[in-house]
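Asker: turn this into a structure:
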Amino acid sequence: MEGATFTRVTLNRPDLRFPFAPDFARRIQGQQLVRLSRRAKFLQAELSSGERLFMHLGMSGRFIIEGDIALANFTHEHAANPKHHHVVFEMENGAVITFNDPRRFGFMELVGVDEPYRLDHIGPEPLGNSFNGPVLRAALKGKKSKIKAALLDQRVVAGLGNIYVCEALYRTGISPRRAAGRLKVAETDVLAAHIKDVLSEAIEAGGSSLRDFSNTDGKLGYFQHSFDVYGREGEACKSCHAPIKRIVQSGRSSFFCGTCQR
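Answerer: Predicted coordinates for the structure are as follows:
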């Protein structure tokens, strides 16, 4: 898609998780996709018009690549039901990119030139050079919320999800019930390092396939087989053999070891 022009944009429904922007298809058709990048869990497409198209997969969204320049070795083991084909991008180079999302929890938002967007004030990328112990410590300073909730706050660090917060806190020995602003200097340094480690290992393992997630070749990720605490309620801690606990914080499940994590 990068460098190609949109020749046709088809919407098969008026909305996904949110309604499409007014004149969504018209504003994209005829524009070149200048640059495609990622910010947090969003794909960002910069258009030649100066507008930006943000795309989020939600829980079950996927992009299907077909057409003249589709990868010759691209295969998908999990067939996509055409009734869930919601958006179709046809490019001048012959590629056809279809967004399929059974749950419709994904969304696409078109942002005008100089128009503010929800990502403008989110925190640093966890795997970037701008994220480290001192940066995390400054973001948590004075926060009375629990550390689990604080790490899920995208203004603190971008794109960090529930699974990886649980795993990073376990490795650091920090209870999800600790007050975020009460962490010690050494703890934030170690926590930032473990966040990077957990994410890097998950990427290397192809991600975590719990329900719908699969890689671009259709294969499932296998990091879920390495979970220390997530989804292991009642099972033995790998370090002390105490049972893993589960509590609900801000509507999300937190898994932890009450002995190893303080």
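Asker: isn't G231 up against F255?
Answerer: Yes - using CB atoms under 8 Å, G231 is in contact with F255, at 6.7 Å. The way it works is simple: take the backbone N, C-alpha and C, and place the C-beta from them, glycine included.
Asker: which one of those two has more residues nearby?
Answerer: F255 (23 against 15; other CB atoms under 10 Å).
Asker: residues near V157, how many?
Answerer: V157 has 25 nearby residues by other CB under 10 Å.
Asker: same check on A40?
Answerer: 17.
Asker: likewise for L53?
Answerer: The criterion is other CB under 10 Å. On that basis, L53 has 24 neighbouring residues.
Asker: same thing with V190?
Answerer: Neighbours of V190 (other CB under 10 Å): 18.
Asker: which SS state does it fall under?
Answerer: helix (DSSP: H, G, I helix; E, B strand; the rest coil).
Asker: OK, contacts around F63?
Answerer: I97, T98, F99, N100 (CB atoms under 8 Å, 6 or more residues apart in numbering).
Asker: try K245
Answerer: K245 neighbours (CB under 8 Å, 6+ apart): E233, F255, F256, C257, G258.
Asker: try 10 Å this time
Answerer: Listed by CB atoms under 10 Å, 6 or more residues apart in numbering, the contact partners of K245 are 175-176, 229, 232-234, 237, 254-259, 261.
Asker: relative to L43, how far out is it?
Answerer: 36 Å (CB to CB, to the nearest Å).
Asker: can you check K184 too?
Answerer: Where L43 is concerned, K184 sits at a distance of 37 Å (CB to CB).
Asker: show me which of these two is the more surrounded one.
Answerer: Between K184 and L43, L43 has the larger neighbour count (other CB under 10 Å), namely 16 against 10.
Asker: who does the more buried one form a beta bridge with?
Answerer: L43 forms beta bridges with R38, M55, as assigned by DSSP bridges.
Asker: pretty sure it sits against L36.
Answerer: Yes - using CB atoms under 10 Å, L43 is in contact with L36, at 6.7 Å.
Asker: now do the shared contacts for these two.
Answerer: M1, L53, M55.
Asker: show me which of the residues you listed is closest to E92.
Answerer: Of all the shared contacts of L43 and L36, M1 has the smallest distance to E92: 10.4 Å, by CB to CB.
Asker: residues contacting D101?
Answerer: Neighbour list for D101: 16-17, 56-63, 80, 84-87, 107, 212 [criterion: CB under 10 Å, 6+ apart].
Asker: so which of those belong to strands?
Answerer: With DSSP state E as the criterion, strands contain H56, R62, F63, H85, H86, V87, F107 from among these.
Asker: out of these, which two sit at the greatest distance?
Answerer: Top of the distance list for those (CB to CB): H56 and H85, 17.3 Å.
Asker: just grab the bridge partners of H85 for me.
Answerer: Applying DSSP bridges to H85, the residues it is bridged with are N100.
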